[in-house]
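Student: Return atomic coordinates for the entry below.
(4 chains)
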2 protein chains.
Amino acid sequence: MAIELRHLRYFVVVAQEGHITRAAERLGMQQPPLSQQIKALEHQLDVQLFRRKARGVELTEAGRTFLADALSVLACVDEAVEAARRTASGKQGRLGIGLPPSGPFHPFVPRMIRRFRETYPLVSVSMEECLRAELVDGLRAGTLDVAFIRASIAPPEGLDVHLLMDEPMVAALPAAHALARPGPRAGALPLERLAAETFIVYARLQGPALYEATLAACSKAGFSPRLGQEAPRIISALSLVASGIGVTLVPASMQRMTMDGVVFRPLRGPSQPKAFLSIAARRDGYSAAVRHFVAMVRRAAQDEVRSY
Amino acid sequence: MAIELRHLRYFVVVAQEGHITRAAERLGMQQPPLSQQIKALEHQLDVQLFRRKARGVELTEAGRTFLADALSVLACVDEAVEAARRTASGKQGRLGIGLPPSGPFHPFVPRMIRRFRETYPLVSVSMEECLRAELVDGLRAGTLDVAFIRASIAPPEGLDVHLLMDEPMVAALPAAHALARPGPRAGALPLERLAAETFIVYARLQGPALYEATLAACSKAGFSPRLGQEAPRIISALSLVASGIGVTLVPASMQRMTMDGVVFRPLRGPSQPKAFLSIAARRDGYSAAVRHFVAMVRRAAQDEVRSY
DNA sequence: TGAATCCCAGACGCGCGGCATATGGCAATA
DNA sequence: TATTGCCATATGCCGCGCGTCTGGGATTCA
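Tutor: Sure thing, here's the model as predicted:
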């Protein structure tokens, strides 16, 4: 036989009452079995917990220390039960969110994370910014629970991907460039005007979505872009633009990041390229917190009307 | 039915094995009852802890959090058992030691406390210095577990008092007093030489032991002392001596406290008064730590040969 | 595609253990 | 000394946890 919680529950009541008979009453049982259980507990511990007096029982020194511990054990069990329930309902747990390099600049992304943290304060949220391929691997390996990705559909098996919204892409030009100076028609720029430029491409292998959007738009505009240096991510591409090496197209939300030497200009015309934002998670990801996050993000995306 | 430790023990093994059949093996039982118990636990929690797969079972998110809590609960129970055993054996607990005002000056007292703390480091020792009557009340009320007192026998009912040792009393004289100057026979002083002095008495009501020892010695020396001002404790009596108001007799160990304006001189002759040091505890004090302390002190006292 | 394997879940019966009833013993109170 | 209050022991019952047997679903071979 071993110590069971029943022993602790009985012991606590007897200790509080100082009286086996009254404790039995409170426990809804008879006195003899309660006496037996207390005796069995003492035998298990090999420690006398009570001194039997003529009128009731009295805790020994060891009984007093054991009472404190027993109370805390019982409280811990209750807390563990509640924690499990909270976790099952998604109110508690961990949520690892993956972001593409451009994610933090899209106002929708940090807003959603903030809203989730406010709604589920017991879920500890961690964020990791990495390249597209790492996001997918992370989701598969379980190091990430959910990720924003720059794609319109679901390429990888085992993942659920939902398109959230799209946004126009804008041209990023060196500040010294002729088209960068706001002329008489300072509005949108037809993509054809960039036919002669050198295009800096980024994330071609890891996350080809934006790369392909750029190529498709150019071809639609009637030219095949001259490709220049390749950059691993948007930020590095923009710093190449700043040094005058070429131009590139980026999601409109990147305009929030003002960068010395870089000027953004919106594009117009039928060839307007678009950048997509999606949310991805494991298809068999059972975490309720993940489900809540995905649902919250999708609902919010539907409510958005304006695009960036 | 309620959750029992058995459920947690089973759950932990199943979670670790990821396999009900193997877990049952490790638990020395068959698979079906183990499946039942896990299911019963899940039903109690109203939370699914495992996902049943083709090859074994897999913890859910809620199961993972519950596993951590279950492990800590089981560890807490083990620790509680050990703590109770340590307390029962006196290796752990609290020990409130009472000291008379002269206690800290007797080298034996702090030495014993230090030795006890080294021998039983898990027992948290607290000390309180107070008057004799407060010591007795504290022992009775349970605010003190054990006390050193200045008496040779047990006056109060319900307490066990053991005489530890005695020590001679010495005269405390104002520095300006004629007998304070070390003359040609600078050794011990016959008590009769103080017959004409004013005696400062202390702790007459609260702890009459030393007061009575003084009177008895004087009467044995053939005179009845003229009593001066009364002081609540030895220290205050000595400060009265320092201001020249009178003389008093104190335990020899008090000489360790050198005080400006006070000179100590040993006494000699058949009327040599003695101060006693005893250890007292409740007779029905069941605390093993108390028993250890009393035993240690008594043993050490027997080993002492010299007196202070 | 069918057989084999693996593993969890349900059905059923048994035996242990926890509980209730009845009773004894001890100490405090009158 | 009688009475009361309370814990401990004795005994029988019943529920429940466990073992055995069996079924069903998924994966892995041939």
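Student: Quick check: the gap between the residue most central in space within chain A and chain B.
Tutor: Nearest to the geometric centre of chain A sits residue A:97, at 3.1 Å (CA atoms, centre = their mean). Using CB to the nearest CB, to the nearest Å, one obtains 16 Å as the distance from residue A:97 to chain B. C-beta: built from backbone N, CA, C; applies to glycine.
Student: cool, residue A:76 as well?
Tutor: Here the distance between residue A:76 and chain B works out to 5 Å (CB to the nearest CB).
Student: so what's the residue nearest to the centre of chain A up against?
Tutor: When contacts are counted by CB atoms under 8 Å, 6 or more residues apart in numbering or on different chains, residue A:97 touches A:113, A:125, A:126, A:127, A:128, A:144, A:145, A:146, A:147, A:148, A:293.
Student: Next, give phi and psi for it.
Tutor: As for residue A:97, its main-chain torsions (degrees, to the nearest 10) stand at phi -110, psi 130.
Student: give me the beta-bridge partners of it?
Tutor: Using DSSP bridges, the beta-bridge partners of residue A:97 come out as residue A:127, residue A:146.
Student: Rebuild the contacts of residue A:97 as a markdown table, extending it with neighbour count, distance to residue B:285 and pLDDT.
Tutor: Supplementary listing: the contacts of residue A:97 in a markdown table, determined by neighbours: other CB atoms under 10 Å in any protein chain shown; distance: CB to CB, whole Å; pLDDT from 0 to 100:
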| residue | neighbour count | distance to residue B:285 | pLDDT |
| --- | --- | --- | --- |
| A:113 | 20 | 61 | 95 |
| A:125 | 18 | 56 | 95 |
| A:126 | 12 | 55 | 93 |
| A:127 | 15 | 60 | 93 |
| A:128 | 14 | 61 | 90 |
| A:144 | 27 | 62 | 92 |
| A:145 | 24 | 59 | 93 |
| A:146 | 23 | 63 | 95 |
| A:147 | 25 | 66 | 93 |
| A:148 | 23 | 69 | 94 |
| A:293 | 26 | 61 | 96 |
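Student: how about the top helix by length along chain A: buried residues?
Tutor: In chain A, taking DSSP state H as the definition, the longest helix is helix A:61-88. For helix A:61-88, the neighbour count (16 or more other CB atoms under 10 Å in any protein chain shown) marks A:61-67, A:69-71, A:73-74, A:76-77, A:80-81, A:83-88 as buried.
Student: Stretch A:193-200 too?
Tutor: Under 16+ other CB under 10 Å, the buried positions of stretch A:193-200 are A:194, A:197, A:199, A:200.
Student: The first one against residue A:171, yeah?
Tutor: Spelled out, that is residue A:194. Yes - in this structure, residue A:194 is within contact of residue A:171 by CB atoms under 8 Å, at 6.4 Å.
Student: So which elements touch the biggest strand by length in chain A?
Tutor: In chain A, assigned by DSSP state E, the strand with the most residues is strand A:159-174. Counting contacts by 3 or more CB pairs under 8 Å, 6 or more residues apart in numbering or on different chains; DSSP states H and E, the secondary-structure elements packed against strand A:159-174 are helix A:132-141, helix A:209-220, helix A:234-242, strand A:248-251, strand A:262-268, strand A:274-282, helix A:288-303.
Student: where among these is the average confidence lowest?
Tutor: Least confident of the helices and strands packed on strand A:159-174, judged by mean pLDDT, is helix A:209-220 with a mean of 77.
Student: in that helix, what's buried?
Tutor: A:209, A:210, A:211, A:213, A:214, A:215, A:217, A:218.
Student: and residue A:216, what does it touch?
Tutor: residue A:273.
Student: Off-centre distance for stretch A:74-93?
Tutor: Between the mean C-alpha location of stretch A:74-93 and the chain-wide mean there is a distance of 20 Å, by CA atoms, centre = their mean, to the nearest Å.
Student: for stretch A:88-97, same thing?
Tutor: Taking CA atoms, centre = their mean, the mean C-alpha location of stretch A:88-97 is offset from the chain mean by 9 Å.
Student: how about that stretch: buried residues?
Tutor: Those would be A:88, A:90, A:91, A:92, A:93, A:95, A:96, A:97, for stretch A:88-97 by 16+ other CB under 10 Å.
Student: and which of these is nearest to residue B:32?
Tutor: In terms of CB to CB, no member of those lies closer to residue B:32 than residue A:88, at 25.5 Å.
Student: State the distance from the closest one to DNA strand D.
Tutor: Relative to DNA strand D, residue A:88 is positioned 23 Å away (criterion: CB to the nearest atom of the strand, to the nearest Å).
Student: What of residue A:220?
Tutor: Residue A:220 is 45 Å from DNA strand D, by CB to the nearest atom of the strand.
Student: and that residue, what is it in contact with?
Tutor: By CB under 8 Å, 6+ apart, residue A:220 lies in contact with A:270, A:271.
Student: Residue A:114 now?
Tutor: Taking CB under 8 Å, 6+ apart as the test, residue A:114 contacts no residue whatsoever.
Student: Can you name the residues of the stretch 1-150 of chain A that neighbour DNA strand D?
Tutor: If contact is defined as CB under 7 Å from any atom of the strand, the residues of the stretch 1-150 of chain A in contact with DNA strand D are A:19-21, A:31-32, A:35-36, A:38-39, A:52, A:54-57.
Student: Residue A:95: which element?
Tutor: Assessed by DSSP states H and E, residue A:95 sits inside strand A:93-99.
Student: Let me know the angle separating that strand from helix A:132-141.
Tutor: 160 degrees (axes from the mean of the first three to the mean of the last three CA atoms, to 10 degrees).
Student: Return the distance of the closest residue in space to residue A:99 that isn't next to it in sequence relative to chain B.
Tutor: Excluding its sequence neighbours, the residue lying closest to residue A:99 (CB to CB, 6 or more residues apart in numbering or on different chains) is residue A:129, at 4.7 Å. The spacing between residue A:129 and chain B, counted by CB to the nearest CB, is 24 Å.
Student: contacting residues around residue A:129?
Tutor: The contact partners of residue A:129, taken as CB under 8 Å, 6+ apart, are A:98, A:99, A:100, A:101, A:103, A:104.
Student: The residue lying closest to residue A:17 once chain neighbours are set aside - how many residues pack around it?
Tutor: Spatial nearest neighbour of residue A:17, chain neighbours left out: residue A:23 (4.3 Å); criterion: CB to CB, 6+ apart. Residue A:23 has 24 neighbouring residues, counting by other CB atoms under 10 Å in any protein chain shown.
Student: Would you agree residue A:23 falls within a strand?
Tutor: No - in this structure, residue A:23 is helix, not part of a strand, as judged by DSSP: H, G, I helix; E, B strand; the rest coil.
Student: which residues does it contact?
Tutor: By CB under 8 Å, 6+ apart, the neighbours of residue A:23 are A:10, A:13, A:14, A:16, A:17, A:34.
Student: which residues does the fourth one contact?
Tutor: This points to residue A:16. residue A:23.
Student: And the one 3 residues further on, by the same measure?
Tutor: Residue A:19 is in contact with A:56, A:57, counting by CB under 8 Å, 6+ apart.
Student: could you check the distance from it over to residue A:188?
Tutor: Distance, residue A:19 to residue A:188, using CB to CB, to the nearest Å: 87 Å.
Student: and the longest helix of chain A, average pLDDT?
Tutor: What helix A:61-88 shows for mean pLDDT is 95.
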